[in-house]
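Chemist: got a predicted structure plus its sequence, pasted below:
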Amino acid sequence: MRSLVPGDPASLSALGASASRASRELAAACEASGTAYASLKDGWGTSTSVRVRKEGRRALDALAVGGRHTAAVGTAIQSYAVELSALQARARAALDEAAAAGIVVEDGRARLAWGVTGEADSATTRERTDAVARVQAEIEAVAAQHRRRRDRFLAEVMASTTELESVARALRLS
């Protein structure tokens, strides 16, 4: 059976850690390059030096913005990985409850398993029906939360992508 909550939290967490590490490396490179560009005016005082320093400053500013976005996206990825892991645990618990109660879950729908499951009395039938409804409600709640969290995460990444595209466009035009 496919997982009720698709995704690999461990891989996402590793990706988020890589993005955070890359943002720190970008910040260090930006700082070192800023110092190097600033020192140009001491040994090279021509108008070409001024132009090179201005272009370098624009590139470094874009690099700093990219580094901040990399850090933010890394944090968002790691947060989503934690949320995904928690949702998968809830889904496993719901499936365990279903299996213990003789309930089958297929394609996100809970139903009683086929065959004889015990005595046919009204109280038992009501309990089984309630158990199916409880499992179904939990499955739907987990799926809804997963959709909301995934959509929020994707919106964060898209907003960052849009802003970085704008920075890149401005850098190309200048």
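Modeler: Here it is on my side, so go on. All figures in this text were calculated on a predicted structure; none of them were measured in a lab.
Chemist: select the longest helix from the chain.
Modeler: Criterion DSSP state H: the longest helix present in the chain is helix 47-100.
Chemist: run through the neighbouring helices and strands of that one.
Modeler: Counting contacts by 3 or more Cβ pairs under 8 Å, 6 or more residues apart in numbering; DSSP states H and E, helix 47-100 packs against helix 9-43, strand 103-106, helix 122-173. C-beta: built from backbone N, CA, C; applies to glycine.
Chemist: which strands or helices does the last one pack on?
Modeler: If I follow you right, that is helix 122-173. If you count contacts as 3+ Cβ pairs under 8 Å, 6+ apart, helix 122-173 packs onto helix 47-100, strand 103-106, strand 109-112.
Chemist: could you dump the ones you listed into TSV with mean neighbour count and distance to residue 130 added?
Modeler: What follows is these, written out as TSV (neighbours: other Cβ atoms under 10 Å; distance: least, Cβ to Cβ, whole Å):
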stretch	mean neighbour count	distance to residue 130
helix 47-100	17	12
strand 103-106	16	11
strand 109-112	16	12
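Chemist: make TSV from those and add distance to residue 171 to it.
Modeler: Listed next are those as TSV, based on distance: least, Cβ to Cβ, whole Å:
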stretch	distance to residue 171
helix 47-100	5
strand 103-106	51
strand 109-112	51
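Chemist: of the helices and strands packed on helix 47-100, which is nearest residue 74?
Modeler: Comparing the helices and strands packed on helix 47-100 by their distance to residue 74 (Cβ to Cβ), the top pick is helix 9-43, with 3.1 Å.
Chemist: state the mean pLDDT of the closest one.
Modeler: Averaging pLDDT along helix 9-43 gives 91.
Chemist: got it, and stretch 106-120?
Modeler: Stretch 106-120 shows an average pLDDT of 80 in the prediction.
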